[in-house]
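[1] Sharing a sequence plus its predicted fold:
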Amino acid sequence: MSIHYPARERLANLPTPLQPLHKITERFSRPYGGPNIWVKRDDLTESAMSGNKLRKLEFIIAEAKAQGCNTLITCGGEQSNHCRATALAAARTGLKSHLILRQNAGGATSDTPDGNLLVDYLAGAKVSLYPLKEYVNQLPQLFGEWASYYLKRGDRALCIPTGGSDGLGIWGYILGAEELLADCRDNGFEPDRLICASGSGGTQAGLTLGCQMLGAQTRVTGYAVCDSEDYFVSKIRDDIRLWAEAYSQVFPFDAEQIHVSDKYIGPGYGVAGEEIFQTISLVAQLEGILLDPVYTGKAFYGLLKDIEQGLYADCRHVVFVHTGGHFGVFPQRTGFSAAWGQQ
């Protein structure tokens, strides 16, 4: 079917490359009769704004401008990739940004910001850090208070949910699915599976909906990095319902095709075990690709373990969507101390 997209602010360098992972396939998939592994390099959407969030922000910023907004307010963890991308995208398009951030579980923030948080400040974002309990219990009120604050000063703010994951942001990965499927056709195959990390659900929602709208038989699987399988199934279903209502879409989405694995979250969101750091190191050494310990490292580790257990034995081609996050490596640098030289 022909898809009619809403207005877009062009920010990302598209299309991103689709690359085969020959060494990873030979070492971690072929011995188990598994598929060829490819990676869609959405970590290359842009240099500093890199990652999956930029695809969503193209539609979000266009909507902000259409509504006459000059400020973007959004939220996330202290090392949020989405908030970093929002701050930089706002700076590039002449908008202000305000980030409502959740402090790390311990509640302490270093006097010297690192990783994504450092980039937030460099981009000129206003940053408001809140303790975990206050953030979780009062997030809607915090959005309301800051939107009112700007309105009183003659500004108008667009409030963007966690990860830009809602009925608007979903367009980014409907378009992403269309691009990815075209890449695969150009390489002579239709993917059996698309794999991504799921942290707010928006990328998986867009990929799943996009594949259905385009008539692909490809199954999308999200590896959860927080929350349960049931949570993500419900969240993705709700995002797609909001998309359909907001844009008067009558596409008959099949919610039975929402597939989530919550087996590899580990100790919790943003907390990685030794196996994740070793996986990141191995992928860097074998393929020259940098994953991160919050999202892509966990999802890629889960993919390799599930291939080892035979869960992808019926697949010929699997595409891993690299959603970015490389700035998240640096605040967790000590986790890699045992990974040096691992081959």
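    Nice, thanks for sending it over. Numbers count the residues shown, from 1 in each chain.
[2] Which strands and helices lie in contact with the helix or strand harbouring residue 144?
    Element membership of residue 144 [criterion: DSSP states H and E] is helix 132-152. The helices and strands touching helix 132-152, judged by 3 or more Cβ pairs under 8 Å, 6 or more residues apart in numbering; DSSP states H and E, are strand 71-77, strand 96-102, strand 126-130, strand 157-159. C-beta coordinates here come from the backbone N, C-alpha and C atoms, glycine included.
[3] low pLDDT regions in the stretch 201-343 of the chain?
    Low-confidence segments of the stretch 201-343 of the chain, defined by pLDDT under 70, span residues 340-343.
[4] Could you pull out the helices in it for me?
    Listed from the start of the chain, the stretch 201-343 of the chain has helices (DSSP state H, counting those that start in this stretch) covering 202-213, 229-246, 274-287, 296-308.
[5] what's the closest of these to residue 151?
    Residue 151 lies closest to helix 229-246 among the helices of the stretch 201-343 of the chain, at 22.9 Å (Cβ to Cβ).
[6] centre of the chain versus that closest one, how much separation?
    Its chain's C-alpha centre lies 16 Å from the corresponding centre of helix 229-246 when counted by Cα atoms, centre = their mean, to the nearest Å.
[7] Switch the helices and strands packed on helix 132-152 over to JSON lines; also include distance to residue 317 and mean pLDDT.
    Output for the helices and strands packed on helix 132-152, formatted as JSON lines (distance: least, Cβ to Cβ, whole Å; pLDDT from 0 to 100):
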{"stretch": "strand 71-77", "distance to residue 317": "33", "mean pLDDT": "97"}
{"stretch": "strand 96-102", "distance to residue 317": "38", "mean pLDDT": "97"}
{"stretch": "strand 126-130", "distance to residue 317": "42", "mean pLDDT": "97"}
{"stretch": "strand 157-159", "distance to residue 317": "39", "mean pLDDT": "98"}
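[8] Buried deepest among those, which one?
    For the helices and strands packed on helix 132-152, the stretch with the most neighbours on average is strand 71-77, a mean of 25; neighbours defined as mean count of other Cβ atoms under 10 Å.
[9] From the contact counts, what lies against that one?
    Contacts defined by 3+ Cβ pairs under 8 Å, 6+ apart place strand 71-77 against helix 53-66, helix 81-92, strand 96-102, helix 132-152, strand 157-159.
[10] at 10 Å instead, please
    Using 3 or more Cβ pairs under 10 Å, 6 or more residues apart in numbering; DSSP states H and E as the contact definition, the elements that strand 71-77 packs against are helix 53-66, helix 81-92, strand 96-102, helix 115-122, strand 126-130, helix 132-152, strand 157-159.
[11] now the angle from it to strand 126-130?
    When axes from the mean of the first three to the mean of the last three Cα atoms, to 10 degrees is applied, the directions of strand 71-77 and strand 126-130 differ by 40 degrees.
[12] Output stretch 122-142 as PDB, restricted to C-alpha atoms.
    This file holds the C-alpha atoms of stretch 122-142, laid out as PDB (Å, rounded to 0.1, in the frame of the first residue of the first chain):
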ATOM      1  CA  LEU A 122      26.700  21.300  25.600                       C
ATOM      2  CA  ALA A 123      23.600  21.600  23.400                       C
ATOM      3  CA  GLY A 124      22.200  24.400  25.600                       C
ATOM      4  CA  ALA A 125      19.300  22.400  27.100                       C
ATOM      5  CA  LYS A 126      17.700  23.400  30.400                       C
ATOM      6  CA  VAL A 127      18.100  20.300  32.500                       C
ATOM      7  CA  SER A 128      16.000  19.600  35.600                       C
ATOM      8  CA  LEU A 129      17.100  16.500  37.500                       C
ATOM      9  CA  TYR A 130      14.600  14.800  39.900                       C
ATOM     10  CA  PRO A 131      14.900  11.900  42.400                       C
ATOM     11  CA  LEU A 132      13.500   8.600  41.100                       C
ATOM     12  CA  LYS A 133      10.400   8.600  43.400                       C
ATOM     13  CA  GLU A 134       9.400  12.200  42.500                       C
ATOM     14  CA  TYR A 135      10.000  11.600  38.800                       C
ATOM     15  CA  VAL A 136       7.900   8.500  38.700                       C
ATOM     16  CA  ASN A 137       5.000   9.800  40.800                       C
ATOM     17  CA  GLN A 138       4.800  13.300  39.500                       C
ATOM     18  CA  LEU A 139       5.900  13.200  35.800                       C
ATOM     19  CA  PRO A 140       2.600  14.500  34.400                       C
ATOM     20  CA  GLN A 141       2.500  17.400  36.900                       C
ATOM     21  CA  LEU A 142       6.200  18.200  36.000                       C
END
